[in-house]
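> how would this look folded up:
(one chain, ligands or ions: 2)
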Amino acid sequence: MSSDPFDFAATVRAIPDYPKKGIVFRDITTLLGDARAFRRTIDELVQPWAGSKIDKVAGIEARGFIVGGAVAHQLSAGFVPIRKKGKLPYETVRVSYALEYGIDEIEMHVDAVEPGERVILVDDLIATGGTAEGAIKLLRGKGAIVEAACFIIDLPVLGGADKLRAMDVPVRTLISFDGH
Ligand SMILES: O=P(O)(O)OC[C@H]1O[C@H](OP(=O)(O)OP(=O)(O)O)[C@H](O)[C@@H]1O
Ligand SMILES: Nc1ncnc2[nH]cnc12
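Residues are numbered from 1 along each chain as shown. Ligands and ions are numbered 1, 2, ... in the order given. All right, here's what the predicted structure looks like:
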């Protein structure tokens, strides 16, 4: 991997007032569509674990599937989908998580991880951390060891990364944006 600095933030598109007024939506489709940026993003996210034994990568629906699938391939690990409720076909475990307004639920197949397996959680973005916190509860509930949580984008003003660190999960992010 080359060590020249790469401006990851410049490859993410900002959409003001989407999906509602006051939110600046951080659109990663521009990063994903740029072959060099996508490659560099995945290389950079996995860098601390290159060569170490990670059993599985868990990705959160929907954008976490794209990033997590690539990370799993890169680490020669299995992939575990964590989905919004009602989407997985087999028996699941389910957890509620806080949204900005209200609550929702995410699920994982009961047999997706084995006790003691080393897992990295991946999503495109961490905001309040509610979704990732729920995913960590699902993984730990089945005995997995959550080695780290990785996100392309952090919105630090919303405190999500600090929330995960308080759960003893190391957090890796590549870009920080002010505001939300
Ligand atoms: O840290 P949080 O406050 O929990 O927010 C972060 C989550 O929000 C976004 O997903 P979204 O819920 O919009 O779902 P989508 O990927 O299916 O569009 C993002 O991809 C994360 O999964
Ligand atoms: N500002 C934002 N941009 C993209 N996805 C998000 N999920 C939560 N906040 C977001």
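
> Phe65 touches Val71, doesn't it?
No: contact between Phe65 and Val71 fails when scored by CB atoms under 8 Å: they sit 10.7 Å apart. The way it works is simple: take the backbone N, C-alpha and C, and place the C-beta from them, glycine included.

> Those two: which has the busier surroundings?
More neighbours surround Val71 than the other of Phe65 and Val71, with 23 against 18 (other CB atoms under 10 Å).

> what packs against the helix or strand containing that one?
Val71 belongs to helix 63-75 when assigned by DSSP states H and E. Counting contacts by 3 or more CB pairs under 8 Å, 6 or more residues apart in numbering; DSSP states H and E, helix 63-75 packs against helix 35-46, strand 56-60, strand 78-84, strand 118-126.

> Residues of this structure that sit close to ligand 1?
60-64, 123-132, 160 (CB under 6 Å from any ligand atom).

> just the residues you listed that are near ligand 2?
Leu125, Ala127.

> Which of the residues of the chain next to ligand 1 ranks first by neighbour count?
Ala132 (30 neighbours).

> returning to what we had before: which one among the residues of the chain next to ligand 1 gets closest to Leu31?
Asp124 (9.0 Å; CB to CB).

> Quick check: which ranges of the chain have low pLDDT?
Flagging of the chain using pLDDT under 70 yields the residue ranges 1-3.

> check which helix or strand covers Ser175.
No, residue 175 isn't Ser; it's Ile. strand 171-176.

> Just name the closest of the residues of the chain next to ligand 1 to Lys87, please.
Nearest to Lys87 out of the residues of the chain next to ligand 1 is Glu61 (CB to CB; 7.2 Å).

> Which strand residues bridge the nearest residue to that closest one once chain neighbours are set aside?
Using CB to CB, 6 or more residues apart in numbering and skipping the chain neighbours, the partner closest in space to Glu61 is Arg83 (4.6 Å). Judged by DSSP bridges, the bridge partners of Arg83 are Glu107.

> Now for Arg83: which residues touch it?
Arg83 sits next to Glu61, Ile106, Glu107, Met108 when contact means CB atoms under 8 Å, 6 or more residues apart in numbering.

> go on, Phe6?
Per CB under 8 Å, 6+ apart, neighbours of Phe6: Ala37, Arg40, Glu44.

> and it, helix, strand or coil?
State at Phe6, reduced to three classes by DSSP: H, G, I helix; E, B strand; the rest coil: coil.

> same deal with Ala10?
Taking three-state DSSP as the rule, one finds Ala10 in the helix state.

> Can you give me the distance of Ile136 to Arg39?
28 Å (CB to CB, to the nearest Å).
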